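> Sequence plus predicted model, see below.
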Amino acid sequence: MAAYPDLGIQPGQIFRVFGLRRSGNHAIINWLSRNAPGRTIFFNNCRAGQSPFKAHNGIEVDGMKVGHPGAEALPQAQTVGEGASVFVSYENLMPSTPRRKPISGPLDLEDITRDVIIARDFLNWAASLVKKVQGNAELSAHQRMAFALRLVDVYGDMLDLATQEDPSSPVMIRYDAWLEDANYRADVLQKMGFEQQDDSTGRVEAYGNGSSFQPDATDAQELRPLDRWKAMHDDPEYRTIVWLALQDRSFAAKLEQVFPESIGPLGELASKAPYIV
């Protein structure tokens with residue numbers, strides 16, 4: 001493994017984690033860090049094209065926040081020592097998303113132990129995303145829609161990866177199944193090569209101000225992420241996003257393949273063109 005002066009230690013393993021915003025990224029990364037071998041250091045929401053050990057949005061050691069955005073990695077990495085498991089995360093892009101520069105900058109692809117994709121079913125992901133951006137009073141309706149539709153394109157990149165059968169493809173973790181099914185969590189840990197140490201789904205992470213629907217929830221088991229679409233069922237912006245996404249037949253076909261349980265409610269939502277009132 002190459003030497004990384006910005007990190008200052010020799011990692012045992014390096015994992016890159018990709019997920020769209022509002023997909024349960026931080027809850028799953030925290031869970032992975034609790035089950036990874038040895039001590040862990042996590043670089044949150046790294047800036048694509050730069051060193052993740054410098055251009056990040058915060059550092060965690062063993063699941064606890066220790067560094068602010070852009071904080072120097074060396075002091076924190078020295079506390080975990082040689083052989084630590086290193087996690088770096090990216091939001092709103094996939095490893096397959098075309099870019100002019102390597103996503104992880106100087107990080108050698110041969111040093112990456114495994115890429116991980118966190119996926120949430122479109123039905124509830126879109127509901128949570130729309131709810132979140134509606135809370136930004138500075139954005140107009142068309143700006144909110146433009147932002148959401150850009151992420152729908154990235155969601156399509158995720159579906160492309162999810163439908164590949166190449167054994168070298170990233171490990172796909174479905175947030176909804178992860179939250180509901182202990183056997184699913186055990187299977188994921190086996191794919192990662194981790195021994196099961198902590199089977200709990202943990203606390204609600206404070207990143208992104210927590211849940212858009214249940215801001216006071218502290219335990220992940222208190223959340224009801226499978227019901228977000230019901231709360232947004234009659235919201236015209238949400239219905240517009242769903243309707244537009246399902247106009248792409250290729251997108252809809254892959255969505256049905258990856259999340260077949262969602263296609264019925266999505267079809268009902270997209271059964272007629274919505275309108276903004």
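That came through fine.
> Only C-alpha atoms from now on, for both contacts and neighbour counts.
OK.
> just the helices in the stretch 151-277 of the chain please.
For the stretch 151-277 of the chain, the helices identified by DSSP state H, counting those that start in this stretch occupy 175-180, 182-192, 228-231, 236-246, 249-258, 263-269, in order along the chain.
> Could you export the ones you listed to a markdown table, including columns for mean neighbour count?
Putting the helices of the stretch 151-277 of the chain into a markdown table (neighbours: other Cα atoms under 10 Å) gives the following:
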| stretch | mean neighbour count |
| --- | --- |
| helix 175-180 | 18 |
| helix 182-192 | 16 |
| helix 228-231 | 17 |
| helix 236-246 | 21 |
| helix 249-258 | 16 |
| helix 263-269 | 16 |
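> With Gly135 as the reference, name the closest of those helices.
Comparing these by their distance to Gly135 (Cα to Cα), the top pick is helix 236-246, with 13.0 Å.
> Work out the gap between the closest one and the centre of the chain.
21 Å (Cα atoms, centre = their mean, to the nearest Å).
> what packs against it?
helix 122-134, helix 141-162, helix 249-258, helix 263-269 (3 or more Cα pairs under 8 Å, 6 or more residues apart in numbering; DSSP states H and E).
> I'd like the average pLDDT over the longest one.
Put plainly, it is helix 141-162. In this model, helix 141-162 has a mean pLDDT of 95.
> How far away from the center of its chain is that helix?
Distance, stretch centre to chain centre, for helix 141-162: 13 Å (Cα atoms, centre = their mean).
> Which neighbouring elements make contact with it?
Secondary-structure packing of helix 141-162 (3+ Cα pairs under 8 Å, 6+ apart): helix 122-134, helix 236-246, helix 249-258.
> Identify the residues contacting the last one?
The contact list for helix 249-258 (Cα atoms under 8 Å, 6 or more residues apart in numbering) reads Phe122, Gly156, Leu159, Asp160, Ala162, Thr163, Ala245, Leu246, Ser262, Ile263.
> cool, and the first one?
The list of residues contacting helix 122-134 from outside it, by Cα under 8 Å, 6+ apart, reads 21-23, 139, 144, 148, 212-213, 225-229, 232, 237-238, 241-242, 255, 259, 262, 265-266.
> same thing but 7 Å
Contacts of helix 122-134 from elsewhere in the structure, counted by Cα atoms under 7 Å, 6 or more residues apart in numbering, are Arg22, Ser23, Arg144, Ser212, Pro225, Leu226, Arg228, Trp229, Met232, Tyr238, Ser262, Leu266.
> Name the nearest of those relative to Pro167.
Closest to Pro167, out of all of the contacts of helix 122-134 and judged by Cα to Cα, is Ser23, at 23.7 Å.
> export the helices and strands packed on helix 236-246 to CSV and tack on distance to Arg185?
Compiled in CSV, the helices and strands packed on helix 236-246 are given as follows (distance: least, Cα to Cα, whole Å):
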stretch, distance to Arg185
helix 122-134, 20
helix 141-162, 18
helix 249-258, 18
helix 263-269, 24
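> For Val171, find the nearest of the ones you listed.
Shortest separation from Val171 across these is recorded for helix 141-162, at 9.0 Å, computed as Cα to Cα.
> Please read off the pLDDT at Cys208 from the model.
For residue 208 the amino acid is Gly, not Cys. According to the per-residue confidence, Gly208 scores 51 in pLDDT.
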